[in-house]
Each structure stands twice: as C-alpha cells, then as structure tokens.
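Undergrad: below are the sequence and a predicted model for it; my questions follow.
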Amino acid sequence: MIKWLSIVLFPAAYLHAQNLVPNYSFETNTACPKLTGHLIYATPWEVVNGQTPDYYHPCGQPGLYSSPNNMLNYGYQVASHGNCYAGFKAWDNAAGPSAREYIGVKLDTPMIDCRAYWISFKVCRANKSAWATDDIGLFIYGWSPPGTGALTGYNPQIINKPGNIISDTLNWAIISGTYIASGNEQFITIGNFKSYDSTTVVGSGLGAAYYYVDEVSVEEYTPQFTLGPDIAVCEGTPVVLEVDPLWDFVGWSTGSIVDTTHVTVSGEYHAIVYEGFCNFRDTIHVTFDPSPQTEIGNDTTLCAGETLVLTANSPGNYTWSTGENASSVSITTSGNYWLQIDTGACSIRDELTVNFADCFFMPDIFSPNNDGKNDVLYIRGMEGREFYFSVYDRWGQMVFESTSSTVGWDGNFKGQPLSAGVYVYYLVSVSPFTGESYSLKGNITLTR
C-alpha cells in the first residue's frame, strides 16, 4: 500500500521582537478618565472617527471608568496585562448605524516593505454588552483615515475568524495574524469595519456590542518564508509539498502554481511565494531512498523435530520477530514470524506462518530379498520420540516389535523368513504438541 507523506510548509515559527505599538496595554496615562471619550488620556492612543471610545484605569471615575470595576457603565473586567484597557462600541442598534467607535495609534516606527509582522490584540465582551459579534478587525495603513461614523470603506488585514462570535465576558480572546508590509505603514485602527446591516450580531434588546481591548502588538519576525529542512523518504512514497494558502500566489519549480505540488523523484525543489509586491524564495532537497526487497517464504508445515532456516535476501538492518538481528534465523516451533529490513528512510516487512506437525512415514510395502533395496521396514519421522511399534500376522501372532526408529523389521520371525502376504501394524506414541497419547493401525505388504 502506498502511503502519502504530506509536508506542510508554513512561515517560520514566530520569535518575539520589538513591539512597535506604543503604550500597548494602556498603562501610561496623562490623566485619569472621568468621561466617555477619554481614551486620549492613554497617550498616544487616539479617537479615529470623532466618536467616544473609552479608557479604563484604576484612577478612573469609580464605577464608570475605573478598572477592574466599571459596573455603573459596562461591567467588571480584570486587565489581560497590567491594570488598564480600552473599550469601544463595535455595533449599536440603539444609537443607530453611524454609532461606531474605533481606537487607533501611530506605530513607533513605520513598517518596512516586504517584512513580515505578527499582529495580535485581545478583546473581551463587556458584561452589560447587549450584543456580541464576530466582526472585529485591525486595519493597517500609512495615513490617518479620515471620516466619521462607521469606517466601512476599509478592509482590515487582521480579522477575527468569521463565525467566531466573541461572547465570553470573562476570558480575553486573541485576534491575530501575519501581515507582509508594503512599506511605510505606520498607523493601526481597531474596530468593526462592516456596514450596520452586514455585521453579524447575536443578542437581544436595544444596546451595543461593546468590547474591552488590551495588549495590542505589532512585531516583526524573520525569516518570512522557509520550506524547512531537507527531507528523505522511501522510494515509491509520493511527497506532497504544501505552502500556507494565505500567500497571494505561489510558483513551484515543478510548474505548479497552487499551494501544493507532488514530488516523486529525488532532487532540489524551490518555491517562490508572493504577497503584494513582495516575493520570497526557498529551496528544499528531497531524497527518495531505494526500497529494500525481502521474501522470507510462504506459509509452510514441517514435521516435528525438523528445523526451518529463514534468510533475508536484501541488505539492511534486520529485526526478526524472534528479537534476533542476524541475516538468518532457525525456526523449530510453530508460530507467526516476520522480518523487518530498515535502510535509511525505508522500512519493509515480510511474514509467514510456520506449523510443525506430528508426522511420520510408514511404507505400505517392502521386499526383504537381500537385494539391498527396501529390505528393512523402518518408521521415518519418529526420531527422538517415544513410541511402540508392533506387527502381527493374519492369525494375530506378533511377529515384530520395536521402540527405536533405528530398529526395523527385516521380514523374519525368530530368525526365519516369513512368507509373502499382508501383515497388520500398530503404532502407539505421544504427540509432542498436545502431550496426548494416540494409536494408529494399518497394513503392510511383504513381498519376496
């Protein structure tokens, strides 16, 4: 059976760098918030669209703009970091479609073109928020967006997952994503950028979908794109190389222009991914190791006392089901046996079933005429076992007996040759497998 090996190639793991967001957790303030719209006291955060997002600080107006307790306003919430946070209306059916609040800030330094940035912020629905929504995002831009009311003409680059209604009023939810800069972006704004009618909301009554915000982060990470380390697989195992579908476009050295490409031969492969005007390239070497071949035989049955030698027919590292690691093993008992051969990235296994039966061979005719051929009757296959063998003539007279496989009947009785004819034998023995006694009866023809 062919097994597919899928190698998923994402941008490199995120490493913490400098956060470009000043006062990212709203701890620095120029005054204590007393009224709505006092977000401006959490300098340098600003009101983006002329409305009144809030600022919560332990020194704020008790019960209204204090943290963690602002139950006279929207609720009670412990900050995700430090003691302070902001708050905004994402949607409001009481005040109407234009009642929409946003918070924004200028980054410490502009973004650099074709650099990757990891962007995240935390939100929590307020206790007294009548509604909940999934339409919260972060817009990145190089200028301060004009306008008042709902900023529906902008497409946020970092968005909450559609359908993920943020309704929890206890735990902070993280909204995050990767952004490849075009260059000189230096402002960010958080809020709901959808129109009033297209905003997804869950709730009842008149009121707002109101959220607290904390820990806003914009950090560069490198490298922006990597295919990871070289890989080795077993010959015959197709490899699927895949890049993150979030890139705008991808081109593979195989000619594929979709997120995945199938690889079946050893070689060096590269991918170029595009994000806007930026592109990134990386190379990976894929090796297909030759697959070993092995065939240790078909299922078989042998007589008790015999030995079966199983031998590997391909080089590699051997592992037998017996625990041995040699190229061959000796089998003397019934059972299922397997051999596994490992060579580099390849591994192959073969198995068989071996049975040992309680068997012997008794000729049904012999000719004791001293011609050197078939002159003595022996029981074959009873070597090393206890048994009793006896022969009788037609009148019931015992003419021969033996308990050794090396002692056979020469056709004589008391030193005298017996006449040709049919004689009866009895064999009594014990099975080496079950330990039970058994007896057999048959005819033997003596010819002269």
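TA: Cool, the structure landed.
Undergrad: got a list of what Gly137 touches?
TA: When contacts are counted by CB atoms under 8 Å, 6 or more residues apart in numbering, Gly137 touches Pro156, Gln157, Ile158, Ile159, Asn160, Ile175, Ile190, Gly191, Asn192, Phe193. Where C-beta positions appear, they are placed from N, C-alpha and C, glycine not excepted.
Undergrad: Ala116 versus that one, what's the distance?
TA: In this structure, Gly137 and Ala116 are 19 Å apart, going by CB to CB, to the nearest Å.
Undergrad: surely Cys32 meets Tyr41?
TA: Yes: the criterion here is CB atoms under 8 Å, and Cys32 meets it with Tyr41 at 7.2 Å.
Undergrad: compare the two (neighbour count), which wins?
TA: Tyr41 (20 against 15; other CB atoms under 10 Å).
Undergrad: residues in contact with the more buried one?
TA: Asn29, Thr30, Ala31, Cys32, Pro33, Tyr55, His57.
Undergrad: pLDDT below threshold where in the stretch 151-300 of the chain?
TA: 222-224 (pLDDT under 70).
Undergrad: if we can go back for a sec, of the contacts of Tyr41, buried ones?
TA: Asn29, Pro33, Tyr55, His57 (16 or more other CB atoms under 10 Å).
Undergrad: hang on, the first one in a strand?
TA: Read that as Asn29. No: counting by DSSP: H, G, I helix; E, B strand; the rest coil, Asn29 is not found in a strand; it is coil.
Undergrad: just the buried residues of stretch 180-200, please?
TA: 180-182, 185-194, 196, 199-200.
Undergrad: same deal with stretch 377-391?
TA: Leu377, Tyr378, Ile379, Gly381, Met382, Arg385, Phe387, Phe389, Ser390, Val391.
Undergrad: ok, so of the contacts of Tyr41, who is nearest Val48?
TA: Val48 lies nearest to Tyr55 out of these, by CB to CB, at 14.2 Å.
Undergrad: for the closest one, which three-state class applies?
TA: Recorded secondary structure, Tyr55: strand (three-state DSSP).
Undergrad: what's the local residue count around Cys278?
TA: Counted with other CB under 10 Å, Cys278 comes out at 19.
Undergrad: meant to ask about His81
TA: For His81, using other CB under 10 Å, the count is 14.
Undergrad: show me what contacts the closest residue to it other than its chain neighbours?
TA: Spatial nearest neighbour of His81, chain neighbours left out: Ser25 (4.3 Å); criterion: CB to CB, 6 or more residues apart in numbering. By CB under 8 Å, 6+ apart, the contact set of Ser25 is Ala79, Ser80, His81, Gly82, Cys84, Tyr85, Asp214, Glu215, Val216.
Undergrad: the residues you listed, buried ones only, as a PyMOL selection?
TA: Paste this into PyMOL to select the buried members of these, with burial taken from 16+ other CB under 10 Å:
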select buried, resi 79+80+82+84+85+214+215+216
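Undergrad: and the buried residues of stretch 377-391, which is closest to Trp409?
TA: Out of these, the member with the shortest distance to Trp409 (by CB to CB) is Leu377, at 4.4 Å.
Undergrad: and that closest one, bridged to which residues?
TA: Legend: beta-bridge partners of Leu377 under DSSP bridges are Trp409.
Undergrad: tell me the confidence at it?
TA: Leu377 carries a pLDDT score of 93 in this model.
Undergrad: repeat for the one 5 residues further on
TA: Per-residue confidence for Met382 comes out at a pLDDT of 78.
Undergrad: and what of Asn369?
TA: 90.
Undergrad: likewise Ala304?
TA: 73.
Undergrad: pretty sure it sits against Asp358.
TA: Yes: between Ala304 and Asp358 there is a contact under CB under 8 Å: 5.7 Å.
Undergrad: between the two, which one's more packed in?
TA: Ranked by neighbour count (other CB under 10 Å), Ala304 and Asp358 place Ala304 first, with 20 against 17.
Undergrad: phi, psi of that one?
TA: The phi and psi values for Ala304, taken as degrees, to the nearest 10, are phi -60, psi 140.
Undergrad: for it, what are its contacts?
TA: Phe356, Ala357, Asp358, Cys359, Gly381, Arg385, Pro432, Phe433.
Undergrad: if we go to 7 Å?
TA: By CB atoms under 7 Å, 6 or more residues apart in numbering, the residues touching Ala304 are Phe356, Ala357, Asp358, Pro432.
Undergrad: just the ones in strands from the contacts of Ser25, please.
TA: Tyr85, Asp214, Glu215, Val216 (DSSP state E).
Undergrad: and which of those residues is nearest Gly421?
TA: For those, the nearest to Gly421 is Glu215 (107.6 Å; CB to CB).
Undergrad: surely that closest one touches Phe121?
TA: Yes: under the criterion of CB atoms under 7 Å, Glu215 makes contact with Phe121 at 6.5 Å.
Undergrad: any idea of the mean pLDDT for stretch 330-342?
TA: 92.
Undergrad: check the offset of it from the chain's centre.
TA: In terms of CA atoms, centre = their mean, to the nearest Å, the centre of stretch 330-342 is found 31 Å from the chain centre.
Undergrad: list the buried residues in it.
TA: In stretch 330-342, counting by 16+ other CB under 10 Å, buried: Ile331, Tyr337, Leu339, Gln340, Ile341.
Undergrad: which secondary structure state does the second one sit in?
TA: It stands for Tyr337. Tyr337 is classified as strand under three-state DSSP.
Undergrad: residue contacts, it?
TA: Tyr337 neighbours (CB under 7 Å, 6+ apart): Leu310, Ser321, Ile331, Glu351, Leu352, Val354.
Undergrad: and the third one, bridged to which residues?
TA: With DSSP bridges applied, Ile331 shows beta-bridge pairing to Leu308.
Undergrad: could you do Phe356 as well?
TA: Bridge pairing for Phe356 - DSSP bridges - gives Leu302.
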